[in-house]
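In: predicted structure and sequence below. I'll ask about it afterward.
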Number of protein chains: 4
Amino acid sequence: MSGRSALESYQKGEGWWQTEISQIKKNEVNIRGYKMEDLIGNISYGQMLYLLLCGDILDEKKAKLFESVLVAGADHGPRAPSIAAGRMAATCGISFNSAVATGINLLGDSHGGATEKGMKLLYETWEEARESGKDLYQVIDSKLDDMLSKKEKLPGIGHQLHDDDPRVNRLYELAEPMAAEKEISGVYLDIAEQYRRLLAEKKKRSITMNIDGVAAAIQCEIGLPAEAAKGIFALSRGMGIAAHAFEEMQTGVLVKGPCPNDEELVKYTGVENRKLSGGEEVR
Amino acid sequence: MSGRSALESYQKGEGWWQTEISQIKKNEVNIRGYKMEDLIGNISYGQMLYLLLCGDILDEKKAKLFESVLVAGADHGPRAPSIAAGRMAATCGISFNSAVATGINLLGDSHGGATEKGMKLLYETWEEARESGKDLYQVIDSKLDDMLSKKEKLPGIGHQLHDDDPRVNRLYELAEPMAAEKEISGVYLDIAEQYRRLLAEKKKRSITMNIDGVAAAIQCEIGLPAEAAKGIFALSRGMGIAAHAFEEMQTGVLVKGPCPNDEELVKYTGVENRKLSGGEEVR
Amino acid sequence: MSGRSALESYQKGEGWWQTEISQIKKNEVNIRGYKMEDLIGNISYGQMLYLLLCGDILDEKKAKLFESVLVAGADHGPRAPSIAAGRMAATCGISFNSAVATGINLLGDSHGGATEKGMKLLYETWEEARESGKDLYQVIDSKLDDMLSKKEKLPGIGHQLHDDDPRVNRLYELAEPMAAEKEISGVYLDIAEQYRRLLAEKKKRSITMNIDGVAAAIQCEIGLPAEAAKGIFALSRGMGIAAHAFEEMQTGVLVKGPCPNDEELVKYTGVENRKLSGGEEVR
Amino acid sequence: MSGRSALESYQKGEGWWQTEISQIKKNEVNIRGYKMEDLIGNISYGQMLYLLLCGDILDEKKAKLFESVLVAGADHGPRAPSIAAGRMAATCGISFNSAVATGINLLGDSHGGATEKGMKLLYETWEEARESGKDLYQVIDSKLDDMLSKKEKLPGIGHQLHDDDPRVNRLYELAEPMAAEKEISGVYLDIAEQYRRLLAEKKKRSITMNIDGVAAAIQCEIGLPAEAAKGIFALSRGMGIAAHAFEEMQTGVLVKGPCPNDEELVKYTGVENRKLSGGEEVR
C-alpha cells in the first residue's frame, strides 16, 4: 500500500485490509505462506513471533537467544507501573484480558522504550559506517559527541536500582559465545559496548549497560526491526503483568489503590477554602 | 491477603503490595524463588509464563505442548476484531505498545473467552465425578442435559468459518500420544471429547471441537488455572496483533477506518431532518 | 440488526455498520436526525451525551441534574485506582489519550459499577410492581429479603471512607425539589430510599446511600438505560483522570510506580532460594 | 515536584502522590480548594473539566464556547477508527467502560491530535511576536515559510471528506461575536485565520480550516494548555464512542469484525505454499 490514504489505495484495486502475514479460508490458516498445522508443535513462541513480524523462521540458536530476552524482561515486581496498573485493574471488576491490556498500555517510550531507541542508534551507526566507509569506532565517537553536545541521553545505559544487573550479565554470557562462533555477527554487541565504554571514558566514571541496552543489541543481531521493539516488550513484560494481575484477582480484594491512605504518601498541596462567588474567571 | 479490603490487610501487617511471584533487590531479580539469571537461557517462553502464573517449572514436553497452543492461537487475520483494532490503532499515531494493548483489550468473554469457560467445565466435571464417586460419563451426560435444558451453550464447540479446523486436528495429534504415554493424564481431553460426542448424538448432527475447546483441554492437562485463560490468550493472540499493527504502521496510512466509505457497508437507519424547537424532551 | 451474526444480517441486506446515531456525508454531520450545526452552541455536554445515547434532547432542568451527577463523580483523588493508573501512565511516555484510556479501563464492575447494578434493581422493582399490581413497598421488601437470603449485596449502599458523603447530600438536595415539582417522577428516588431504609431496619444499624446509589436513582429518573452506566461514568471520572494524568505529566517525573520502595509497602512472601535441577514439574 | 525521580522527591519530604487538584478526607471532597457540594449543580461539565485541568472556574460564556467544541467533536460515525474500535469491542464480551477505553486509546497524534499541534503553534506564534516586538503577521509569514521549507504540515487545515464543514462554520459563528465583544481576546482566532489565508495564497488554491484547527484556536482563547488537548478530545469523542458501543451491544451480535468476509476487502498478498525444512533462517 502506498501513499497515506487507505481510500485511495482501495480505489486503485488494493484490498481494504491487505496483508502479507496471514491468509484465512475455510479450514485453512496460513501464516507467511506456511500452513499453520506445520508450524504448531514445530516452532517455538519466539520463532512464531519472529515469523509473524519478519516473515521468516529464525534458526534455533537465534530463537533461543531471542527467548532469553523475552524471559529476561518478563517481570520487575509490583513497583513497575505496568505491573501495578495490571494488579489494580484486576481488583476493579473488568475482564482479565483488559487488566493485561491496561499494564501493556503503559510500556511506552519511558518504560522499556529505550530498546527501540537503542536499536535505531545501533542500526544507524552501522549503516553510517558502511555507507561512508569511515572507521566504525570513529563514527561511534563522533555520534556520541554529537549526542552529548545536544544533551541527548544515550539509550540503554544506567538503571535506577541496579549497577550490576544479573540479567544483563547473563544475556552477554549467552550472546558472546554465539558471536565468537559467528552464529550472530557480533557487530551490534560490539557497537553497543563501544558506546558504553566511550561514554564512561568521557564522563570519567563507571557506566553500566542496562537490560534495554543489551536487549537492543541482541535484537539487532537477529534482525528485528527497531520499530517493533515496544510490541515485543509488550509480550515479554505481558507475562509478568498477567501473572501479577492473576495473583491480585485471587486475593479477592476490591478496588485496590496504589498505596495506603497515609498523609505522607498522599499529599494535597493546592489552595484551600475557596468559595464560588459567581465572578470567577481564569485570566 | 484475606478479606476484601487492602487497607485492613495492611493494617494487620501485610504489605500493601504482597506477592509470591517476584522479589526485586539491588542487583537481584528473583522469580518464584529462582534467580533470574538461572532462568534466562534455560527455560522457554512457555515455561516462564507457567512459572510466573503457577509457581513451578513445566517439564519440557508439557512446555512444548503449551507453546503449541500459544502458537495455534496467534493469528486469525484482519477480520478478527482484535487484529483489526490493533491495525487501526497503529494508524492513529499512538505508542506501538498501546496499539497492542488496544487489540488485547478486545479478547474478552466472546473473543477467545470460551477457553476459560471450557476449562471451568472440564475441571468441574472431573471434580464432581471424583467427589461423588459416580461414573465419569454419567456425570458428563447429566451435566450436558442440565446445560441443554437451561439453553446454555457448550463452550469450545463449533466455528463460524471452519468445520474441520487444521489447528484443532494438529493439537490433538500432539496431545494424544502424550496421553497414551502417560506424559499427561488424558482425563481432560477425554472429558472434552465425550461432551462433543454426546452433544452430536443428542443433536443428531455432526459437531466439531473448535480451537478454544482443545486449548481448554490441553491447558487443564498441564494444570493451568481456568481463570488465567484470557491472560494466556492475550499473549498468544498478542503476537498476531503486534505483527499486524506493525505491518499497518509500515504502510504509513493515516487514520484508517474499518471499511471503505460505501453505502452498502455503512448505513444510517435513524430518523432524518429533525429540528431543535426548545420543547424537546424524552419521556 | 437481528440475530447473533453480523455476516448473516449483512447478507440479508443490512449494512455492515448500521447505526441510528449519526449520518456523515460530504459537508453534513447529522446526529439522531439533527444537523450538527443546530446542536453546537445550543445544547450542553449532558444533553449531547443523552441525545447520542437515547435519541432525544433532555429538557434543561433534567440536563442540569444529569450534569450534576457527572460533576459529582469526576474525581476522588490519586488513591482511586483509575486516577492512579492514569497518573502512572502519564509518566511512561505514551500518548496522553492513552493515559486517559488506561484510567477508564479500570472503571469496571467494582469501581463505579454499582450504579449499573443499582439502576437495574430500581427499574426491575418498578416494573415488577407495575406488572404484578402489588404494592411497591411489598415488592421492595420481598426483593430485599430474597437478596439477603442469597447473600447478595445491595448496590449503592455504604462507602469505605465516607458515612455522610457531601456529594450524596447535595445530589438529593437537587433532585428532591424536582420530584416535588413533578419535573421528574420521583419514583426511583423513592424506591432507592426504601431499600436503604428497610436494609437499615433489618440490619438494625445506620446505613447510608453512597454516590453510586443516588446516581443510579437520578439516572433512572431521567430515563437512561442501566447498561450505559459504565460508559457514562467513564466520561464523568474521565475528567479527573485527564486532569491528574496532566498534572503528573507536568512534573516530568519518569516511570513512577505506585509507592516508594519500602519493605513495609512491597513484600515478597513466596519461596526463596530455589535451583533449576532439570527435573522440575508441577503436578 | 522537581527533577525526574519520584523517589528523590519523596525522600526530600514530598508526598509520593502529590496533587493540587483534589483533597479527599472523611466526608469531605474538595476540588481545587472548593467544596465539591458547592460545585455540584452550580457548574457545568465544561466548567468542571476546566477547573480540574486549570484550577479556575471559567465564566459562563467561555464555558459555553468550550462545550460547543466538546459537542462538535463528539461523533463522526462508525468509519472513524475510534468509533469502530469501540463498536467492535462492545461485541467481544468485555466491560462497557473497557469498550469506551478501547476507542479513546486510538485518539492519538493522527486522530484528533492536530488540535494539540495547532494550539502549540498558535501559542508559540503569539509568544514570539510579543517577545520579539515584531509585527504579528510578519512572524506568521516567516514561521509558515519555515514550515513549508521543512515540508511540515500546517495543523488544523484540510479534511479528507469535508471542504465546507458545517461544524467549523458554526464554531466561528459562536466565537467571532465573542471576540468582537472582547469576551475573548480574538488573538488566536486571528492568528489561525492568517495562517490559513497565507497558506492558500502561497499554494494558490482554496484551503479550509478543519475542526481541529478551529478547536485549537478556541481552546487557546480560553487558556487551555496545548498538552491537555488529547485528553479533552477523549472526553468529547468519548460521548460518541460510548453511544456507538452501546448501540452495538444492544444488537447482541457477537465478535464483529471490521467488514464482511469479502475477497475485495480482505486481501492476502504474501508468499504462498512454503514448507518447513529445518534450515530456514532469516538473514
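Out: Everything's here; your move.
In: all contacts plus neighbour counts: C-alpha atoms, from now on.
Out: Noted.
In: and the residue nearest to A:Val214 when sequence neighbours are not counted, how far is that from A:Ala228?
Out: Take A:Val214 and drop its neighbours on the chain: the residue closest to it by C-alpha to C-alpha, 6 or more residues apart in numbering or on different chains is A:Val168, 6.5 Å away. A:Val168 sits 21 Å away from A:Ala228, going by C-alpha to C-alpha, to the nearest Å.
In: same question for A:Lys267.
Out: Distance from A:Lys267 to A:Ala228, by C-alpha to C-alpha: 39 Å.
In: what's the answer for A:Ala72, then?
Out: With C-alpha to C-alpha as the criterion, A:Ala72 and A:Ala228 are 18 Å apart.
In: do A:Ile31 as well
Out: For A:Ile31, the distance to A:Ala228 - C-alpha to C-alpha - is 18 Å.
In: now do the helices in the stretch 101-250 of chain A.
Out: A:114-132, A:136-149, A:166-180, A:187-203, A:211-221, A:229-251 (DSSP state H, counting those that start in this stretch).
In: now mean pLDDT too, for these, in TSV please.
Out: Shown next, in TSV, are those (pLDDT from 0 to 100):
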stretch	mean pLDDT
helix A:114-132	97
helix A:136-149	97
helix A:166-180	98
helix A:187-203	97
helix A:211-221	98
helix A:229-251	98
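In: redo those as JSON lines? Include distance to A:Ala101.
Out: Converted to JSON lines, these look like this (distance: least, C-alpha to C-alpha, whole Å):
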{"stretch": "helix A:114-132", "distance to A:Ala101": "20"}
{"stretch": "helix A:136-149", "distance to A:Ala101": "35"}
{"stretch": "helix A:166-180", "distance to A:Ala101": "25"}
{"stretch": "helix A:187-203", "distance to A:Ala101": "32"}
{"stretch": "helix A:211-221", "distance to A:Ala101": "21"}
{"stretch": "helix A:229-251", "distance to A:Ala101": "8"}
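In: can I get these in TSV including mean neighbour count?
Out: As requested, the helices of the stretch 101-250 of chain A are exported to TSV (neighbours: other C-alpha atoms under 10 Å in any protein chain shown):
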stretch	mean neighbour count
helix A:114-132	19
helix A:136-149	15
helix A:166-180	17
helix A:187-203	18
helix A:211-221	26
helix A:229-251	26
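In: nearest to C:Thr251 among those would be which one?
Out: Closest approach to C:Thr251 among the helices of the stretch 101-250 of chain A (C-alpha to C-alpha): helix A:114-132, 20.5 Å.
In: which helices and strands sit right next to the closest one?
Out: For helix A:114-132, the elements it packs on are helix A:136-149, helix A:187-203, helix A:211-221, helix A:229-251, judged by 3 or more C-alpha pairs under 8 Å, 6 or more residues apart in numbering or on different chains; DSSP states H and E.
In: need the pLDDT of A:Ile24.
Out: For A:Ile24, the model assigns a pLDDT of 96.
In: swap in A:Gly279?
Out: pLDDT, A:Gly279: 50.
In: before we move on, what about A:Ser9?
Out: We have a pLDDT of 89 for A:Ser9.
In: check the gap between it and B:Val253 for me.
Out: Taking C-alpha to C-alpha as the measure, A:Ser9 and B:Val253 are separated by 9 Å.
In: and what of A:Thr115?
Out: 25 Å.
In: for the residue in the stretch 151-283 of chain A that chain B sits nearest to, what is the enclosing helix or strand?
Out: As assessed by C-alpha to the nearest C-alpha, chain B sits closest to A:Val253 within the stretch 151-283 of chain A, at 4.2 Å. Following DSSP states H and E, one finds A:Val253 outside all helices and strands.
In: need the pLDDT of it.
Out: pLDDT at A:Val253 comes out at 94.
In: neighbours of it, how many?
Out: Look at A:Val253: counted by other C-alpha atoms under 10 Å in any protein chain shown, it has 20 neighbours.
In: nearest residue to it in space, please, no chain neighbours.
Out: Nearest residue to A:Val253, sequence neighbours excluded (C-alpha to C-alpha, 6+ apart): B:Arg4, at 4.2 Å.
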